[in-house]
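Need the 3D shape of this:
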Amino acid sequence: MTLTAPVRLTQYASGGGCACKVPPGELEAVLAGLPGAPQGAELLVGTDHGDDAAVVRLEEDRALVMTTDFFTPVVDDARDWGRIAAANALSDVYAMGGTPLLALNLLAWPRERLPMELAAEVLAGGAEVCQRAGAHLAGGHSIDDPEPKYGLAVTGTAHPDRLLRNDAGRPGLPLTLTKPLGLGVLNNRHKATGEVFPQAVATMTELNDEAARAAVAAGARCATDVTGFGLLGHLHKLARASGVTAVVDTAAVPYLEGAREALASGYVPGGSRRNLAWVRPHLATEGRLSEEELLLLADAQTSGGLLVAGEVPGHPVIGELALAGETTLLLR
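A predicted model of the protein is given here:
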């Protein structure tokens, strides 16, 4: 089929990007019923703490890292969507301290509603980012689906003793964030109005490879990436898995230009509100923080940055890990 008018891909999906994730509380309830690793398995990272990827030891100095990620359109431009989705999927390997080697396309397409030429643009965007990452892209799987979806299944390698895990945090370690927040509210404004935010696209298509290498080189062993559960959601999971309290200096958290304006205009994804509702019982504040500030801290990100327990040169320190207290999150 062919279309004569420009296509707004975000209008073909009910959600958008990582904001359309299953809410974290519901997801954890589902995963709780899965069986554990078989006895004697070399599974180094599994489902216990909801880490970014699964890791299996192959040899003494080499481990296999596997992950997958896909979502509905977060922007209207097909090639940009492909680039964003690919960068987001590759990020889970970087968040484990690994290097991606091979990726497979995952494509769902409403072939009777959208031309396949647009699907080709999406795949071309994904291929561009995989090439930039030095990862092979070979085949994959596609289905006919009422909503367009795209992502990757990614395989990488890492050193078993230099993994970045979300359960390896220790009291006294600083917290570093490698990308600014605000992607959720800006993407929601884009979906509603068609306004384009180049700063958001540039952030979402930026690979986390350099930040991951710098974190590993600096001796960090605890990290996660900030995506659909927002900074507060992912930080809660990290602190809970590590048995610590995460203290956040809210004034040090960076935001994208236009994020506060988008929030003030009401462009808050449902996923961001669900994130805040999930972490609120585990949250304490010193001083008064507005609901708007909390929503930005819980804003559902797509292809966000790394959150590292340790200092990463060139990136802001936004807090620290402390001895476990009554809550996993303390905001100052």
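
so where is the chain shaky, pLDDT-wise?
Low-confidence segments of the chain, defined by pLDDT under 70, span residues 1-5, 16-21, 24-25, 27-28, 30-41, 49.

the helices in it, which residues?
Applying DSSP state H to the chain gives helices spanning 24-31, 78-94, 116-133, 183-193, 198-205, 209-217, 230-242, 259-264, 270-279, 291-297.

To residue 46, which of these lies closest?
helix 24-31 (10.2 Å; CB to CB). For every residue, glycine as well, the C-beta is placed using N, CA and C.

In this structure residue 100 contacts residue 137, no?
No - in this structure residue 100 lies outside contact range of residue 137 using CB atoms under 8 Å: 10.1 Å.

Find residues that contact each of these two.
Listed as contacting both residue 100 and residue 137 by CB atoms under 8 Å, 6 or more residues apart in numbering are residue 130.

related to what we said a few turns ago, which stretch among the helices of the chain comes nearest residue 42?
So among those, helix 78-94 is nearest, using CB to CB, at 18.2 Å.

quick one, the closest one and helix 198-205 angle?
Per axes from the mean of the first three to the mean of the last three CA atoms, to 10 degrees, the angle that helix 78-94 makes with helix 198-205 is 40 degrees.

ok, so what distance separates residue 242 from residue 171?
9 Å (CB to CB, to the nearest Å).

And those two? Which one has more around it.
For residue 242 and residue 171, the more surrounded residue by other CB atoms under 10 Å is residue 242, and the numbers stand at 23 against 13.

Need the residues that contact stretch 201-220.
74-75, 77, 80, 83-84, 87-88, 90-91, 94-95, 97-98, 129, 132-133, 162, 164, 176, 178-180, 183, 223, 225, 256, 302-306, 308-315.

Name only those of these that count as buried.
74-75, 77, 80, 83-84, 87-88, 90-91, 94-95, 97-98, 129, 133, 162, 164, 176, 178-180, 183, 223, 225, 256, 302-306, 308-312, 315 (16 or more other CB atoms under 10 Å).

Can you tell me the closest non-neighbouring residue to residue 177?
residue 318 (5.0 Å; CB to CB, 6 or more residues apart in numbering).

Give the burial count for that neighbour, as a bare number.
There are 22 residues near residue 318, going by other CB under 10 Å.

how much space between it and residue 250?
8 Å.

re earlier: wait, isn't the residue nearest to residue 177 in contact with residue 247?
No - using CB under 8 Å, residue 318 is not in contact with residue 247; the gap is 9.6 Å.
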